[in-house]
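> here is a sequence together with a model predicted from it:
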Amino acid sequence: MAALTGLEPVATAAPAKAPARPRVWRGLVFLVAGLYFLVPLGASLWYTLYSPGSGVSFAPYAELLTAEGFASSLTLSLGLAAATIAVVLLLALPAMLAVRLFAPRLRPVMEVLCTLPLVVPPITFVAGLSTALRNGTELLAPTPFWATIIAVQDPGFPIVLVLAYVVLVLPFVYRSLDAGLRTMDVRTLVEAARNLGASWPYVLFRVVVPNLRSALASASFLTLALVLGEYTVASLLGYQPFAVWIVTVSGSKGQLSVAVSILSLLIIWLLLLAVSTVFGKEKRK
């Protein structure tokens, strides 16, 4: 056939191979990042386990169970974290939904207001907060609101710290929820639920929240990490949650304070790993 037509058969070109992925560079980047995080953590762990006089010992970790102030400070921080998570989510999520559904032009204004705490130094924030509490106590002394000012400063459970942590964590919560809301058609879901007769609380907790589980989990654990590690506000206001207790103990028991820090870090990592695993399985299903 080729002789009759005078055309030579054209050889089929072999498909071009896709360029190999830069696995070497990717592995090198992960190796450098892993060393950057794991080397200080390993050095801290070795510091808690080894002492020149007695060698390797797990005594600092066993001492945690009987350390004075450990249980009370950790319980206080966990309670503050739970209250902060509840308050900031109840404030941020309905407000963001209302802006998206009824006033989309106010989204830039809300974004600026929610991210404003990032540009305010914590030392300035706590200085203004302490001045407001001191002056407020003096001004409201003749009124019934004086008892409220005293109650929010109760050392057993300082509500003023919850309010301060809500402000500090608001930018991170806003970014997490905003990223979750961008992945779903909020208006369509809400309109469909409302047309079927659902109330607004039902729409919020049974329609919107299940679609924002990953974003809500991220916001919650960012809040937990901030509350457990926050020192400036609590210390200057005179309270002793977990982070302040660690700094106080470090002056006399260095190994114990580092052991507590490692333990809290590992707990947060395990919680994050568990949440990411659970939500990864839900997405695959």
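Thanks, I have the structure now.

> for the nearest residue to L118 once chain neighbours are set aside, give me its contacts.
Excluding its sequence neighbours, the residue lying closest to L118 (C-beta to C-beta, 6 or more residues apart in numbering) is P171, at 5.0 Å. From N, CA and C alone the C-beta is placed, and that goes for glycine too. Counting by C-beta atoms under 8 Å, 6 or more residues apart in numbering, P171 touches C114, T115, L116, P117, L118.

> for the helix or strand where P171 lies, buried residues please.
Assigning secondary structure by DSSP states H and E places P171 in helix 159-182. Neighbour-count burial for helix 159-182 flags 160-162, 164-166, 168-178, 180-181 (criterion: 16 or more other C-beta atoms under 10 Å).

> for stretch 70-83, same thing?
Buried, per 16+ other C-beta under 10 Å, within stretch 70-83: F70, S73, L74, L76, S77, L80, A81, A83.

> where's the most centrally placed residue in the chain relative to F70, distance?
Centroid-nearest residue in the chain: L222, 0.1 Å away (criterion: C-alpha atoms, centre = their mean). According to C-beta to C-beta, to the nearest Å, L222 stands 24 Å off from F70.

> got it, and L106?
L106 is 46 Å from F70, by C-beta to C-beta.

> skipping adjacent residues, who's closest to L204 in space?
L204 sits nearest to P94 (C-beta to C-beta, 6+ apart), 6.8 Å away.

> next secondary structure after the helix holding P171?
Next along the chain from helix 159-182, counting by DSSP H and E, comes helix 186-195.

> and that following helix with helix 159-182, angle?
Orientation check (axes from the mean of the first three to the mean of the last three C-alpha atoms, to 10 degrees): helix 186-195 against helix 159-182 gives 100 degrees.

> what is the mean pLDDT for helix 186-195?
Helix 186-195 shows a mean pLDDT of 86.

> follow-up on the earlier one: what's the local residue count around the residue nearest to L204?
13 (other C-beta atoms under 10 Å).

> confidence score at it?
At P94, pLDDT is 90.

> cool, and E8?
Taking E8 on its own, its pLDDT is 49.

> go on, F145?
In this prediction F145 is given a pLDDT of 77.

> likewise the one 5 residues further on?
I150 is assigned a pLDDT of 83 by the prediction.

> state the number of residues packed around the nearest residue to it once chain neighbours are set aside.
Here the nearest residue to I150 in space, its sequence neighbours aside, is T137; by C-beta to C-beta, 6+ apart that works out to 7.3 Å. T137 has 14 neighbours, counted by other C-beta under 10 Å.

> I figured T137 was touching A147, is that so?
No: using C-beta atoms under 8 Å, T137 is not in contact with A147, being 10.7 Å away.

> returning to what we had before: export the contacts of P171 to JSON lines and tack on pLDDT and distance to L216?
Below are the contacts of P171 laid out as JSON lines (pLDDT from 0 to 100; distance: C-beta to C-beta, whole Å):
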{"residue": "C114", "pLDDT": "89", "distance to L216": "16"}
{"residue": "T115", "pLDDT": "89", "distance to L216": "19"}
{"residue": "L116", "pLDDT": "89", "distance to L216": "23"}
{"residue": "P117", "pLDDT": "89", "distance to L216": "20"}
{"residue": "L118", "pLDDT": "87", "distance to L216": "21"}
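
> shaky segments in this structure?
Within the chain, the stretches with pLDDT under 70 are 1-22, 251-252, 275-285.

> for the chain, what spans make up the strands?
Using DSSP state E, the strands of the chain run over 50-51, 55-56.

> out of those strands, deepest packed?
strand 50-51 (a mean of 12; mean count of other C-beta atoms under 10 Å).

> and L228, how many neighbours?
For L228, using other C-beta under 10 Å, the count is 20.

> which residues sit against stretch 29-48?
Against stretch 29-48 from outside (C-beta under 8 Å, 6+ apart): P60, Y61, G254, Q255, V258, A259, S261, I262, L265.
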